[in-house]
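A.B. asks: Just a sequence and a predicted model for now, questions to come.
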Amino acid sequence: MSKPLRILIAKPGLDGHDRGAKVVSRALRDAGMEVIYLGLRQTPEMIVEAALQEDVDGVGLSILSGAHMTLVPRVLKGLREAGLEHVKVFVGGVIPDEDVPVLREMGVAGIFGPGTSTHTIVEFIRQQLAGS
C-alpha cells in the first residue's frame with residue numbers, strides 16, 4: 001500500500017477569506033490525502049518552511065486578494081531554494097485570465113477559479129502526483 005499524498009494548504013498574504021481553502025482541505029482529506037492546513041495570513045517563507053518540515057507532495061495556495069503575482073513567485077522561489085522543486089504548487093481563487101499563462105510558465109501546476117468542483121481538484125492532484 002502506498003503512502004497517502006501529503007498536501008499543504010495555505011492562505012498567503014493578508015486575505016482573510018478562508019472558506020474555499022477549508023472546503024478544498026476537507027475534500028482532499030475525504031479523498032484519503034493527508035492535509036496540513038496552515039490557516040490565514042501566512043508569509044511565503046512560512047509556507048516554504050512548513051512544506052519542508054511536513055515533507056509534502058503538493059502545496060495549495062488560496063488567494064482572493066489579487067496578490068497572486070507577488071506571492072506565488074516568492075513561494076515558488078522559496079521552494080526551489082529549499083530543494084523542493086519536486087513539490088507541485090496549485091493555486092485557487094480569483095485569478096484573471098491574463099495571469100494564468102504567466103503563472104503556468106512560472107511553474108504553477110494547476111489553477112482553479114471560483115466554482116471549480118472539488119472532484120476536479122482532487123482528480124487533478126491525484127494525476128499530478130501519481131507516483132509521489
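C.D. replies: Structure received.

A.B. asks: helix, strand or coil for residue 50?
C.D. replies: The assignment at residue 50 comes out as helix when based on DSSP: H, G, I helix; E, B strand; the rest coil.

A.B. asks: Run a quick check on residue 87 versus residue 79, I expect a contact.
C.D. replies: Yes - counting by Cβ atoms under 8 Å, residue 87 does reach residue 79; the two are 5.5 Å apart. C-beta coordinates here come from the backbone N, C-alpha and C atoms, glycine included.

A.B. asks: now the end-to-end length of stretch 29-36.
C.D. replies: End-to-end span of stretch 29-36 (Cα to Cα, to the nearest Å): 10 Å.

A.B. asks: biggest helix in the chain, by residue count?
C.D. replies: Among the segments of the chain that qualify as a helix by DSSP state H, the longest is helix 68-81.

A.B. asks: and for the next helix or strand after that helix, what are the contacting residues?
C.D. replies: The helix or strand immediately downstream of helix 68-81 is strand 88-93, counting by DSSP states H and E. By Cβ atoms under 8 Å, 6 or more residues apart in numbering, the surrounding residues in contact with strand 88-93 are 15, 20-21, 24, 57-64, 68, 72, 75-76, 79, 103, 107-114, 116, 121, 124-125, 128-129.

A.B. asks: any idea which strand is longest in the chain?
C.D. replies: strand 34-42 (DSSP state E).

A.B. asks: ok, residue 11 - how many residues close by?
C.D. replies: 27 (other Cβ atoms under 10 Å).

A.B. asks: typo on my end, residue 130
C.D. replies: Residue 130 has 9 nearby residues by other Cβ under 10 Å.
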